[in-house]
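Asker: Got a predicted model here, sequence first, then my questions.
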Amino acid sequence: MPHVFPHRHLLGIDPLSRDDILFLLDEAEPWIAFGRQARKADQRLAGLTQFNLFFENSTRTLFSFEVAGKRLGAQVANFHPGASSVRKGESLIDTALTLDAMRPDVMVVRHSETGAPHQVAEAVGCPVVNGGDGTGEHPTQALLDALTMRRRKGRIDGLKVAICGDVRHSRVAGSNIRLLPKLGATVRLVGPAALLPADTGGLAAFTDLDEGIAGSDVVMMLRIQRERLEDGVAGSLADFHARYGLTRERLDRLAPDALVMHPGPMNRGVEIEGALADDPRRSAILEQVENGVAVRMAVLDVLTRGRRGAA
Ligand code: NCD
């Protein structure tokens, strides 16, 4: 029996079953080869309208959602809050209702406030995808991370994944911490105490990077979310690099087979050594970006199937 995705929106990982997640990964897989063709045109979303509402900056997520929608034939429109009536005090919900009146078929929402895409989803008449909400979740990032791990390591079940750096403020961590255990991976959190979540939800936590990454199969590095920190919490960048920066020397000594991942944007010389990030044998950073387009194509396709009358 083909798997039917039972969710209207993609706001977070909690509602997804293991089978829902594996279904999305399987749906994404063929779009990787598709993306490597010269002609990248599929028409399954032809005539549908996709709105991207990014109230926070983005390079990878916004651009890849736009590319994903266009490769599927959708009409994609990007809403620019800086040039909109948001500047005149229009609220998030009024903005969402206004845009919804133009009858989009899917919306992607990024916002600095945790839970904002959920509020939009309650108010509008189309599927909503969370493109990153405050310190909450970033579900398509966790899906693309899982797809990247599965392709590079051949499996997710049984992998030891160390998530390192500013875990507390990272919505990428927020979604990965929920997704990876559903697929049988073991997650460890690594970082200074002030940047680890107050409640680790039963996951092992380490304040020493060497201890935390020892024996890992995947080391996922995260940027310090300066925009979400009180001044001074992070200390000096040089100190941070000395204690928590991932270098080739550390990786070779403690986790010689580990795959290095980073959702971007990375700060070279802070959480990760530039040369290590650039080494495609050790680092999957650009593969994550490529797989991100495939995952977003799968999500846009699957969430609009009902509207298209597709199975
Ligand atoms: C992340 C985000 O915005 O949550 N970037 C991304 O989408 N790949 C990570 C970050 O900002 O550090």
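Answerer: Received it, and whenever you're ready, just let me know what you need. Residues are numbered from 1 along each chain as shown.
Asker: any weak-confidence spans in the stretch 1-150 of the chain?
Answerer: Across the stretch 1-150 of the chain, the ranges flagged by pLDDT under 70 are 1.
Asker: Next, count neighbours for residue 137.
Answerer: Burial of residue 137 is recorded as 29 neighbouring residues (other Cβ atoms under 10 Å). For the C-beta atoms, the positions are set from N, CA and C on the backbone; glycine is no exception.
Asker: Against residue 16, how distant is it?
Answerer: Residue 137 sits 11 Å away from residue 16, going by Cβ to Cβ, to the nearest Å.
Asker: Residue 70 too?
Answerer: 26 Å.
Asker: Have a look at those two and say which one is more surrounded.
Answerer: Taking neighbours as other Cβ under 10 Å, residue 70 and residue 16 compare with residue 16 leading, 22 against 16.
Asker: Please name the residues that touch that one.
Answerer: With contacts defined as Cβ atoms under 8 Å, 6 or more residues apart in numbering, residue 16 is in contact with 7, 24, 139, 179, 182.
Asker: List only those of those residues flagged as buried.
Answerer: 24, 139, 179, 182 (16 or more other Cβ atoms under 10 Å).
Asker: Which one of these is nearest to the ligand?
Answerer: residue 139 (11.0 Å; Cβ to the nearest ligand atom).
Asker: coming back round to it: in helices, which of the buried ones among the contacts of residue 16 fall?
Answerer: 24, 139, 179, 182 (DSSP state H).
Asker: you'd agree the last one is up against residue 20?
Answerer: It refers to residue 182. No. The pair residue 182 / residue 20 is not scored as a contact, 9.2 Å apart, by Cβ atoms under 8 Å.
Asker: Need the contacts of residue 16 in JSON lines (columns: distance to the ligand).
Answerer: JSON lines is the format used below for the contacts of residue 16 (distance: Cβ to the nearest ligand atom, whole Å):
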{"residue": "7", "distance to the ligand": "21"}
{"residue": "24", "distance to the ligand": "17"}
{"residue": "139", "distance to the ligand": "11"}
{"residue": "179", "distance to the ligand": "15"}
{"residue": "182", "distance to the ligand": "20"}
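Asker: any idea which of these is closest to residue 213?
Answerer: Each of the contacts of residue 16 was checked against residue 213 using Cβ to Cβ; the closest is residue 179, at 20.0 Å.
Asker: can you pull the contacts of that closest one?
Answerer: Counting by Cβ under 8 Å, 6+ apart, the residues that residue 179 touches are 13, 16, 21, 139, 142-143, 145-146.
Asker: of these, buried ones?
Answerer: 13, 16, 21, 139, 142-143, 145-146.
Asker: Could you report the pLDDT at the residue lying closest to residue 277 once chain neighbours are set aside?
Answerer: Using Cβ to Cβ, 6 or more residues apart in numbering and skipping residues adjacent in sequence, the residue nearest residue 277 is residue 283, 5.3 Å away. For residue 283, the pLDDT comes out at 98.
Asker: beta partners for residue 283?
Answerer: When bridges are called by DSSP bridges, residue 283 pairs up with residue 260.
Asker: what's around it, how many residues?
Answerer: For residue 283, using other Cβ under 10 Å, the count is 23.
Asker: now swap in the one 4 residues further on and tell me
Answerer: For residue 287, the tally of surrounding residues (other Cβ under 10 Å) stands at 18.
Asker: Then the one 3 residues further on?
Answerer: Neighbour count for residue 290, taken as other Cβ under 10 Å: 17.
Asker: and what of residue 66?
Answerer: Around residue 66 there are 20 residues (other Cβ under 10 Å).
Asker: I figured it hits residue 74, correct?
Answerer: No. Residue 66 is beyond contact range of residue 74, at 9.6 Å (criterion: Cβ under 8 Å).
Asker: so how far is the ligand from residue 51?
Answerer: 18 Å (Cβ to the nearest ligand atom, to the nearest Å).
Asker: meant to ask about residue 49
Answerer: 23 Å.
Asker: again with residue 215
Answerer: Counting by Cβ to the nearest ligand atom, the gap from residue 215 to the ligand is 26 Å.
Asker: thought that residue was touching residue 159?
Answerer: No. Between residue 215 and residue 159 there is no contact under Cβ under 8 Å: 11.3 Å.
Asker: more neighbours, those two?
Answerer: residue 159 (22 against 13).
Asker: and the more buried one, what is it in contact with?
Answerer: With Cβ under 8 Å, 6+ apart, residue 159 has these contacts: 149, 153, 180, 184-186, 217-218.
Asker: Quick check on the residues you listed: which are buried?
Answerer: By 16+ other Cβ under 10 Å, the contacts of residue 159 give 149, 153, 180, 185, 217-218 as buried.
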